[in-house]
Every structure is written in C-alpha cells, then in structure tokens.
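Enquirer: What would the 3D arrangement of this be:
(2 chains)
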Amino acid sequence: MGSTERSEQPVITKGIDKFFLNFYDILKFVLRFFKEMFTPPYEGREFVRQCYYIGNKSLLLITLTGFITGLVFTKQSRPSLAEFGATSWLPSLISIAVIRALAPLVTALICAGKVGSSIGAELASMKVTEQIDAMEVSAINPFKYLVVTRVMACMLCVPLLMAYTGLVAMTGSYLDIHLNEQTSLAIFVQNAFEKISFLDFFSSFIKTLFYGFTIGIVSCYQGYHATQGTQGVGKAANVSVVISMFLIFIEEIIIVQVINMLR
Amino acid sequence: MKPFTPEIHWDETVISIRDLYKSFGQNHVLRGVNLDLHRGENIVVLGRSGTGKSVLIKIISALLYPDSGTVNVLGLEVETLKHDELRDLRLKIGFCFQNGALYDSMTVGENLAFPLRRNMPHMSKKERDERIATVLEAVGLSQTIKQMPAELSGGQRKRIGIGRTLILRPEIMLYDEPPAGLDPITCTDINNLINEVQKRFKTSSIIITHDLACAKATGDKIAVMKEGRFIKEGNFEEVFSDNDELIREFYDYNFIQ
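Expert: Now for the predicted structure:
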C-alpha cells in the first residue's frame, strides 16, 4: 500500500508525539517485515544477490580485522599469563574471548559500518529519486523486494561472517603462539576447544542473528523513510550506522546476561 | 493548439474525482477538487508549483490517501481497494515521474524488463524482448537498451521513464511535469511523444505541468489549479480567452502573449 502522510494535531506535545509516532512507525515496519517474510512470492534472486554483496563488501575488511584482533589479543595477553607461568593457557583464553565476544562484536561492528551505511544510503537515494514510488506504482512490492531481501541477507551473512572472523582470528592467534611457544597446530586446537562448549557457539550464533537483523532493519528503515533530498541520503547512512552500533551493544549486554543465566 | 482528438469517448469516464481534500498538517493542499477524465482524453492540470497538482495524481495512483472525497478509477473506488485489487488497478495506471525515476542499478533494458518480470512471470523471454523492443522503438531510443540511466540525458531519461510505464500497457497515463528541466526542443519532443502515446496506445492521460507550451500541445482539456482547487476548465482557447486576473497572471508568467 502507498505511504500515507499524517495530518493530525499534536495530542500531548510535539516532541512526545513525535517520539511515539516514530516508535509506532518502527513497530509497524518491523511487523510488516515478519509478515512479508513469510508471504509468497519470495524474492530468491534478489536475496542471493544481496548475500553476495554483503559478504563481498565485508570480507576483506573482516579478514584483516579478524586476523589482527587474534594476533594482538594474543600478544597483549601473553605477559599477564607469563607472570604465572601459564602461557599454555593462551589458546583457551583466546578461543573463549574470540568465540564468546570478539568475533560476534567485531563482525557486527564492521557490518554495521560497511553494510548498514551502504543499505541506508542506497535505499535513501532510491526514496528521494522516487524509485521506490516507481516500484509501487508498477504494482511491485518495494518492501518485499528491497527490505525483506536485505534484512534476511544480513541475518544469514552476519552469522556466517562471524564464523569466518572467528577462524581468521584463531589463525592469527595460532601464528603468534606457534612463533613464540612453538606449539603445534594439533595441540593449539586441542587446548583452544577444551574450554569451549556448544552453548558458546550457539550463543554467538544467536547474537549475530540479532545483530544481522538489527543492522538490516535499522538501515532499511532509515533509507526507506529518508527525506530532504541528497542531505537525507547522507543522514540515512550516518544514522543507520550510529543506531545499529548502539543497539548492537545494548543487545550484547542483554544476550550475555541471558546466556550467563543458562550457563 | 492541439488538433481535435476524434478517439475520445465522451460517454465513458475513466477517472472521476469528487470533493477531494488533502492536508499535510496545517498546509491544506487540495480543497475540494472535482475532475472527470474520459477515455482517450488528455487533460492538462496547469498550475504554479505548490498548488497540489502532483498530490492529485499521487492520490489517483494510491501513493497518498485523501482526507476526504472520492477517487473512482475505471469504476473502482481507490481508497477502498484491498491490496490485490489495488495491485491489479495499478497495472492499468502508468505513472511517469518528473525525473524518470529509473532504477540506477539496472540498464535501460533491465528497467523495462523489471515490471514485466514481476507482474507477468509467465511471459516468455522472447515475448518480453519483443515488447521491450516495441516500447523502445515507440520512445525512439532503441539504441540505449544496454546503457545505464546515468549515461542518459534528461530528455532520454524521461522518454525511458515513459517507456517503462508503457511496457505494462496501461489504460491511463499520469505524467508529472513532463517538460520540467528540459530545453525547448526536447520539451517539444516530449510533448509529441505524449500525443503519440495517446494515439498509438489508446491511453487517457492527466498531464501535470506549469508549462503553457506543453499544455497547449498536449491537452484536449486544460484545468487550471490555484490554491488546491480548479479555477477554470475548458480547451486552451476557452481557458485563456477571458480576462480573469488569475489566468492572465499565469499566462504572463509563461511569457506567451
């Protein structure tokens, strides 16, 4: 259906009205996403295209960042453990840190910056140049084509990228440990996974699923509701990143608390 | 002035608008608009910027909803339509945006194929290609099929925009400021194209413009809008023959004496 403009008088005050109206709009947007996600026809080709773009856009940066994270974290942790003669615990320490916290967070923050800004700017540019309206009047559902595919692609790709980040970070860590402690790969892997449980993998997967959803829905919402011409495009890209990152940290706190209760 | 169009069916109304009101906050954009578009007819809605012309056609295509009043398109009340009914109706209405609104990430050919793929999934590739070729030939831009929108001039973008609309074979065309931002020669080309589309594809059209030359060349009927309502209707000569101050002001504004 077409976008409807509001013309009501302020009920309480302008600021509070605006807050609740925005909240209502966001809620409607999220509910529409879930409704359209399960309603055929499905936009399979566009979904695959978006997965390719999201993965492709982030892969190089994630490889570099993941590798450096693993390497640097290992280097920073060694002196503290060496004081207690416990450098053999390095693989376990690193794997716990990487799998439980670093890989999901690093992946999500990079995707928020790279993918979120790109989705926000792309949709905002389509909105201000009336391309979204053009789809609507051509009897094409722009929400399903543009929003559902992008959010779902984020929900699939962020967990996959997180697994990749974890692998690359552990590789960086192994290289450093191998060079300094001459630990073999077999022993490194054995030590690294000794303290890791299924719950750790599962919680990271759930976290990144939420992060992917957050990045996708926030940036699509910002882009889809952009106004003010070209200025609105920049604003949508910027706000997408800021809000996504903020919500990712909030979600991190909440999910960690829930997982700790289950542990 | 545009020659008489014999194909107009005066007994058949394709769009009927009654007492249409629309406001955005305190800005009352439409204040009781009434309009009838007959099959085969081109109506030009003429008015200065900000008088509510574009809002009117956005309401007709259900991109916006009115505060009150009725919009009947091809016998259907637009505001009461369910999702699927609206989708079916939109296939019969073509909307040409001011700047073409071409999809930046697609070539011209893909821009034209996209609505066909979505709305006519069972159409064979051969049929699709044939229809694209016919439309591109109609808008005189067959050679641009592989080009990206960014490589086209303003006039070409508008032509392709019209072509993309025609690809679904609509019965009604809504043109939003077709001559805006174009040089006089390209404007004339676009005006000719609008008339060509009317004849060849048997469309009924509402043309939104503030350009008198466009109004004169394309309109079977002119409706002058001021402050959200029509102040004068008729053919070009009827509208501009009297000495109504508001009409003269508009006439002078366009520098056509």
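Enquirer: The stretch 101-250 of chain B against chain A: which residues are in contact?
Expert: Neighbours of chain A within the stretch 101-250 of chain B, by C-beta under 8 Å from any C-beta of the partner chain: B:A101, B:L102, B:Y103, B:D104, B:F114, B:P115, B:R118, B:N119, B:R164, B:T165, B:L168. Quick note: C-beta positions are derived from backbone N, CA and C, even for glycine.
Enquirer: and the helix or strand where B:K126 lies, which residues are buried?
Expert: Take DSSP states H and E as the rule and B:K126 turns out to sit in helix B:125-138. The neighbour-count criterion (16 or more other C-beta atoms under 10 Å in any protein chain shown) identifies B:R128, B:R131, B:I132, B:V135, B:L136, B:A138 as the buried residues of helix B:125-138.
Enquirer: What segments of chain B are helices?
Expert: B:53-60, B:83-90, B:108-119, B:125-138, B:154-166, B:184-200, B:212-218, B:236-241, B:245-253 (DSSP state H).
Enquirer: can you give me how far the first one is from the chain middle?
Expert: The chain centroid and the centroid of helix B:53-60 are separated by 10 Å under C-alpha atoms, centre = their mean, to the nearest Å.
Enquirer: which intervals of the chain have sub-threshold pLDDT?
Expert: Defaulting to chain A. Judged by pLDDT under 70, chain A has its weakly predicted residues at A:1-12.
Enquirer: meant chain B actually
Expert: Looking at chain B by pLDDT under 70, you get B:1-6, B:242, B:246, B:251-257.
Enquirer: Report the angle between the top strand by length along it and helix B:53-60.
Expert: For chain B, the strand with the greatest residue count under DSSP state E is strand B:9-24. Put simply, strand B:9-24 runs at 110 degrees to helix B:53-60, going by axes from the mean of the first three to the mean of the last three C-alpha atoms, to 10 degrees.
Enquirer: Strand partners (parallel or antiparallel) of strand B:9-24?
Expert: Strand B:9-24 sits in its sheet next to strand B:27-39 (antiparallel), strand B:68-73 (antiparallel), going by DSSP bridges.
Enquirer: Kindly format the C-alpha coordinates of that strand as PDB.
Expert: What follows is strand B:9-24, C-alpha atoms only, in PDB (Å, rounded to 0.1, in the frame of the first residue of the first chain):
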ATOM      1  CA  HIS B   9     -15.200   8.500 -25.800                       C
ATOM      2  CA  TRP B  10     -17.200  11.300 -24.000                       C
ATOM      3  CA  ASP B  11     -19.700   8.800 -22.600                       C
ATOM      4  CA  GLU B  12     -17.000   6.800 -20.800                       C
ATOM      5  CA  THR B  13     -15.400   8.200 -17.700                       C
ATOM      6  CA  VAL B  14     -12.100   6.500 -16.700                       C
ATOM      7  CA  ILE B  15     -11.300   8.800 -13.700                       C
ATOM      8  CA  SER B  16     -13.900  10.600 -11.600                       C
ATOM      9  CA  ILE B  17     -12.800  12.700  -8.700                       C
ATOM     10  CA  ARG B  18     -15.300  14.300  -6.300                       C
ATOM     11  CA  ASP B  19     -14.800  16.800  -3.400                       C
ATOM     12  CA  LEU B  20     -11.200  15.800  -2.900                       C
ATOM     13  CA  TYR B  21      -9.500  17.300   0.200                       C
ATOM     14  CA  LYS B  22      -5.900  16.700   1.400                       C
ATOM     15  CA  SER B  23      -3.900  18.400   4.000                       C
ATOM     16  CA  PHE B  24      -0.400  18.000   5.400                       C
END
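Enquirer: neighbouring contacts of that strand?
Expert: Strand B:9-24 is contacted from outside by A:5, A:7, B:28-40, B:52, B:55-56, B:59-60, B:64, B:66-74, B:171-172, B:204, B:206, using C-beta atoms under 8 Å, 6 or more residues apart in numbering or on different chains.
Enquirer: Mind listing what's buried along it?
Expert: Quick answer for strand B:9-24 (16+ other C-beta under 10 Å): B:T13, B:V14, B:I15, B:S16, B:I17, B:L20, B:Y21, B:K22, B:S23.
Enquirer: need those residues in TSV with distance to B:I231, can you?
Expert: Formatted as TSV, the buried residues of strand B:9-24 follow (distance: C-beta to C-beta, whole Å):
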residue	distance to B:I231
B:T13	22
B:V14	24
B:I15	20
B:S16	20
B:I17	16
B:L20	15
B:Y21	17
B:K22	18
B:S23	19
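Enquirer: Leaving aside the residues adjacent along the chain, what's closest to B:V73?
Expert: Excluding the flanking residues, the one nearest B:V73 by C-beta to C-beta, 6 or more residues apart in numbering or on different chains is B:I15, at 5.3 Å.
Enquirer: likewise B:R87?
Expert: Closest to B:R87 by C-beta to C-beta, 6+ apart is A:A139, at 4.7 Å.
Enquirer: Now the one you found, what are its backbone angles?
Expert: phi 60, psi 30 (degrees, to the nearest 10).
Enquirer: could you check the distance from it over to B:M123?
Expert: According to C-beta to C-beta, to the nearest Å, A:A139 stands 14 Å off from B:M123.
Enquirer: now swap in B:Y103 and tell me
Expert: Taken as C-beta to C-beta, the span from B:Y103 to B:M123 is 19 Å.
Enquirer: again, but for A:S88
Expert: 67 Å.
Enquirer: Also A:L160?
Expert: 36 Å.
Enquirer: Kindly report the same for B:L174.
Expert: B:L174 is 24 Å from B:M123, where distance means C-beta to C-beta.
Enquirer: more neighbours, the two?
Expert: B:L174 (25 against 14; other C-beta atoms under 10 Å in any protein chain shown).
Enquirer: The more buried one reaches B:S54, doesn't it?
Expert: No - applying C-beta atoms under 8 Å, one finds B:L174 not in contact with B:S54, separated by 9.7 Å.
Enquirer: Overlap in contacts, these two.
Expert: Common neighbours of B:L174 and B:S54 (criterion: C-beta under 8 Å, 6+ apart): B:I208.
Enquirer: need the contact list for the closest residue in space to B:K22 that isn't next to it in sequence.
Expert: Of all residues not flanking B:K22 in the chain, B:L30 sits nearest, at 4.2 Å (C-beta to C-beta, 6+ apart). Contact partners of B:L30, counting by C-beta under 8 Å, 6+ apart, are B:L20, B:Y21, B:K22, B:G52, B:V55, B:L56, B:I59, B:P66, B:G69, B:G228, B:R229.
Enquirer: Go through those and say which is closest to chain A.
Expert: Nearest to chain A out of the contacts of B:L30 is B:K22 (C-beta to the nearest C-beta; 8.1 Å).
Enquirer: sorry, back to before: now do the helix holding B:K126: which elements does it pack against?
Expert: Packing partners of helix B:125-138 (3 or more C-beta pairs under 8 Å, 6 or more residues apart in numbering or on different chains; DSSP states H and E): helix B:108-119, helix B:154-166, helix B:184-200.
Enquirer: Now that we have the contacts of B:L30, can you turn them into JSON lines and tack on distance to B:S153?
Expert: Formatted as JSON lines, these follow (distance: C-beta to C-beta, whole Å):
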{"residue": "B:L20", "distance to B:S153": "36"}
{"residue": "B:Y21", "distance to B:S153": "39"}
{"residue": "B:K22", "distance to B:S153": "34"}
{"residue": "B:G52", "distance to B:S153": "30"}
{"residue": "B:V55", "distance to B:S153": "28"}
{"residue": "B:L56", "distance to B:S153": "28"}
{"residue": "B:I59", "distance to B:S153": "31"}
{"residue": "B:P66", "distance to B:S153": "36"}
{"residue": "B:G69", "distance to B:S153": "39"}
{"residue": "B:G228", "distance to B:S153": "34"}
{"residue": "B:R229", "distance to B:S153": "36"}
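Enquirer: Give the single residue among those residues positioned nearest to A:V239.
Expert: B:V55 (27.5 Å; C-beta to C-beta).
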